[in-house]
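Peer 1: using only what follows, build the 3D model:
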Amino acid sequence: MFFNKIAEHREDGLYVSNCGYKTRTTAERLRALPNVSLVSKKGKWILNGEEWDGGWRRVNTNAQPFVSEFQIGSMFDLSKKWVSAGGYHGYEEPRYALCGANDTGMWDDSPCPTEVSLRELKAVEQMLKQDKIPFKFVTCNSTNVFCVHHYLVTPPKHLNRAKELLDKHLANTETRLLYKV
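Peer 2: The predicted structure follows:
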């Protein structure tokens, strides 16, 4: 159900599919695409005015967007990968995460207090800013309902340099919750 391709550019235009999942989430994501008008009537999906079984269908004849070689790797990629914690348990982690810190909230007995997590990530943010490395702060669920993972993500082009800086930072700074991804 997750990570299914619901749209792709081909030589003759943009194609969409529901990958066999007739869910609200799939419908919302499809509606966000150009030239997609999707409604549900009496349990049937209507794509651009025609009943649709969810199979691949072309919705426009637009050419695939051009991305210059210069831009590749310099844009953020916030896609995630599955990290297994055994059996069906696991969590998603950004593919280009530099580092992370767990956060169990601001309770008196929290093993990973929010203030510590954010303070340690803020120190890395400052280091990245000084080196002019762009970053985004991303929060994901964990396997523990009382804990979230916070991550700093850089564009792929900057990840190796950011890891070098992080290694120096970790060698010279005592941290409690910060970890290298």
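
Peer 1: got the contact list for the residue of the chain most remote from its centre?
Peer 2: Ranked by distance from the centre of the chain (Cα atoms, centre = their mean), the top residue is K42, with 33.6 Å. Contact partners of K42, counting by Cβ atoms under 8 Å, 6 or more residues apart in numbering, are absent. (Each C-beta comes from the backbone N, C-alpha and C, glycine too.)

Peer 1: pull up the gap between it and G87, please.
Peer 2: As judged by Cβ to Cβ, to the nearest Å, K42 and G87 stand 39 Å apart.

Peer 1: and V116, by the same measure?
Peer 2: 30 Å.

Peer 1: the more surrounded of the two?
Peer 2: A count of neighbours by other Cβ atoms under 10 Å puts V116 above the other of V116 and G87, at 18 against 6.

Peer 1: show me the chain divided up by domain.
Peer 2: 7-60, 80-180 (automatic domain parsing).

Peer 1: start to end distance for the first one?
Peer 2: Start-to-end span of domain 7-60 (Cα to Cα, to the nearest Å) is 12 Å.

Peer 1: go on, the longest one?
Peer 2: By Cα to Cα, the extent of domain 80-180 from end to end equals 16 Å.

Peer 1: give me the distance from that domain to the chain's centre.
Peer 2: Here domain 80-180 is found 14 Å from its chain centre; the criterion is Cα atoms, centre = their mean, to the nearest Å.

Peer 1: for the record, mean pLDDT for it?
Peer 2: Mean per-residue pLDDT for domain 80-180: 95.

Peer 1: now swap in the shortest one and tell me
Peer 2: Regarding domain 7-60, the rounded mean pLDDT is 92.

Peer 1: distance to I72 added to the domains of the chain, as JSON lines?
Peer 2: Putting those into JSON lines (distance: least, Cβ to Cβ, whole Å) gives the following:
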{"stretch": "domain 7-60", "distance to I72": "16"}
{"stretch": "domain 80-180", "distance to I72": "8"}
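
Peer 1: just those: most buried one?
Peer 2: domain 80-180 (a mean of 16; mean count of other Cβ atoms under 10 Å).

Peer 1: what ranges do the helices span in this structure?
Peer 2: Counting by DSSP state H, residue ranges of the helices within the chain are 24-31, 114-130, 156-172.
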